[in-house]
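# Please find the sequence and the predicted model below.
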Amino acid sequence: MNTNPDTTRHLLVGADGSAESEEAIRWAITEATAVGDKVEVLMVLPREELLPGTSFALQPHGRVPVRKNYSLDDAVARIQSELHADIEVKTLLRQGNPTSELLAAARDADLLVLGTGRKSAVGRLVFGSVSTACIRHATCPVALVSTQAVHRFSPTAS
């Protein structure tokens, strides 16, 4: 375990309430527990943008609505309980553009961890990809965690 505070890494996890983001949280907590790193989980709630003169909210390119009644604190507590992880995990909620907020928070991180799923080419075109933008513009390394591949490799696996 990493007991030197000078070498403790800061892992930032992007969350949106999806199964993929919960797998990213699980992966980051597992890694941090094994080596003594800090974990921070950031959920960005998109601002509702209205069409002028209507009550219809636009869902801007690249944003997927967060599940109703989803609690990030409850999800993190559940994952920590499942993993029997005794580390402090800080949770943050922000409102704005998910990509911009994640990139801004990642400036102070040593690793940005994001969940990713398999989307078709049309799905990527229609919904965009926060992960793709973060890979292109992050100032720290980015780990993409997929539900299909997460159990096949872990840097702390022996």
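Received the coordinates, thanks.
# after the helix or strand containing residue 23 comes which helix or strand?
Per DSSP states H and E: residue 23 is located in helix 19-35. Using DSSP H and E, the helix or strand that follows helix 19-35 towards the C-terminus is strand 38-45.
# ok and that following strand relative to helix 19-35, angle-wise?
Here strand 38-45 runs at an angle of 160 degrees relative to helix 19-35 (axes from the mean of the first three to the mean of the last three Cα atoms, to 10 degrees).
# Please name the strands paired to strand 38-45 in the sheet, noting orientation.
strand 10-15 (parallel), strand 89-95 (parallel) (DSSP bridges).
# Below-threshold pLDDT in this structure: ranges please.
1-6, 48-68, 118-128, 149-158 (pLDDT under 70).
# so where do the strands sit in it?
Using DSSP state E, the strands of the chain run over residues 10-15, 38-45, 49-50, 57-58, 89-95, 111-116, 142-146.
# now what about stretch 12-21, what contacts it?
With contact meaning Cβ atoms under 8 Å, 6 or more residues apart in numbering, stretch 12-21 is reached by 22, 24-25, 28, 39-44, 64, 66-67, 70, 72, 75, 98, 102, 105-106, 108-109, 111-117, 130, 134, 145-147. (C-beta placed from N, C-alpha, C; glycine too.)
# Mind doing that once more with 7 Å?
Stretch 12-21 is contacted by residues 24-25, 28, 39-43, 64, 66-67, 70, 72, 102, 105-106, 109, 112-117, 146-147 when judged by Cβ atoms under 7 Å, 6 or more residues apart in numbering.
# Next: stretch 92-107.
12, 14, 40, 42-47, 62-63, 72, 112, 130, 133-134, 137-140.
# For it, output the C-alpha coordinates as CSV.
Written as CSV, here are the backbone C-alpha positions of stretch 92-107 (Å, rounded to 0.1, in the frame of the first residue of the first chain):
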residue,chain,number,x,y,z
LEU,A,92,-19.0,16.1,-6.2
LEU,A,93,-22.0,17.3,-8.1
ARG,A,94,-21.7,20.1,-10.6
GLN,A,95,-24.0,21.5,-13.3
GLY,A,96,-22.9,22.4,-16.8
ASN,A,97,-21.3,20.7,-19.8
PRO,A,98,-20.1,17.3,-18.7
THR,A,99,-17.0,17.4,-20.9
SER,A,100,-15.9,20.9,-19.8
GLU,A,101,-16.5,20.1,-16.1
LEU,A,102,-14.6,16.8,-16.3
LEU,A,103,-11.7,18.4,-18.1
ALA,A,104,-11.5,21.3,-15.7
ALA,A,105,-11.5,18.9,-12.7
ALA,A,106,-9.0,16.6,-14.3
ARG,A,107,-6.4,19.4,-14.4
